[in-house]
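K.L.:
model the following, please.
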Amino acid sequence: MSETLNLEEITAIIENEKNATQSFLEILKKEEEALTQGQVNELDKLVSEKTKLFNQIEAISGRRLQYLLVQGYPSNREGMQRWLIDHSDCVETQKLWHQLIDLAKQVQQINAINGKVIAIQLQYNQRSYLALQSAAGNISLYGPKGQAYI
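P.N.:
Modelled structure (predicted):
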């Protein structure tokens, strides 16, 4: 009976982690859209939502890792893989885990894209700022030893 409750517990934890990760992915997609369409005002709200969801995912993940430790497995991805091998009859849990891994990969990809878009926009803004400074005659240049040329 106790093993059944434990199996139900880990399945529920992974399902919660998957659902939170899906929500996080949706926010990243909204962030990507806001970045590409220049909707800067939308970004503050999305960052707040991302932070909240990230903390939620971290807490859920912590419960999963604690469960693994209690069950005698390492509290990492390898431990989860070993648990799944030892519980190969838990088809629903395995299915949820694989969905979670797929979502995590999508999150990484979109987050990397968003980071690149932000970096490109930052470079553009810096160049624009320098051009405006130059046009106003307020440009400072630095020599190889750090001395300022005005």
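
K.L.:
what packs against the helix or strand hosting residue 51?
P.N.:
For residue 51, the element it lies in under DSSP states H and E is helix 40-70. Under the contact definition 3 or more C-beta pairs under 8 Å, 6 or more residues apart in numbering; DSSP states H and E, helix 40-70 sits against helix 2-36, helix 77-86. Quick note: C-beta positions are derived from backbone N, CA and C, even for glycine.

K.L.:
after the last one, which helix or strand is next?
P.N.:
Scanning the chain past helix 77-86 towards its C-terminal end, the next helix or strand to appear is helix 91-135 (assignment: DSSP H and E).

K.L.:
contacts only, for the residue nearest in space to the middle of the chain.
P.N.:
Centroid-nearest residue in the chain: residue 107, 5.6 Å away (criterion: C-alpha atoms, centre = their mean). Contact analysis of residue 107 by C-beta atoms under 8 Å, 6 or more residues apart in numbering lists 21, 24-25, 28.

K.L.:
6 Å - rerun?
P.N.:
By C-beta atoms under 6 Å, 6 or more residues apart in numbering, the contact set of residue 107 is residue 25.

K.L.:
related to what we said a few turns ago, quick one: closest of the helices and strands packed on helix 40-70 to residue 127.
P.N.:
helix 2-36 (17.9 Å; C-beta to C-beta).

K.L.:
low-confidence ranges, this structure, go.
P.N.:
1-5, 133-144, 146-150 (pLDDT under 70).

K.L.:
residue 117: which of the helices and strands packed on helix 40-70 is closest?
P.N.:
Judged by C-beta to C-beta, the one of those that comes nearest to residue 117 is helix 2-36, at 4.6 Å.

K.L.:
identify each buried residue in the closest one, please.
P.N.:
Buried residues in helix 2-36, defined by neighbour count with 16 or more other C-beta atoms under 10 Å: 10-11, 13-21, 23-25, 27-28, 30-32, 34-35.
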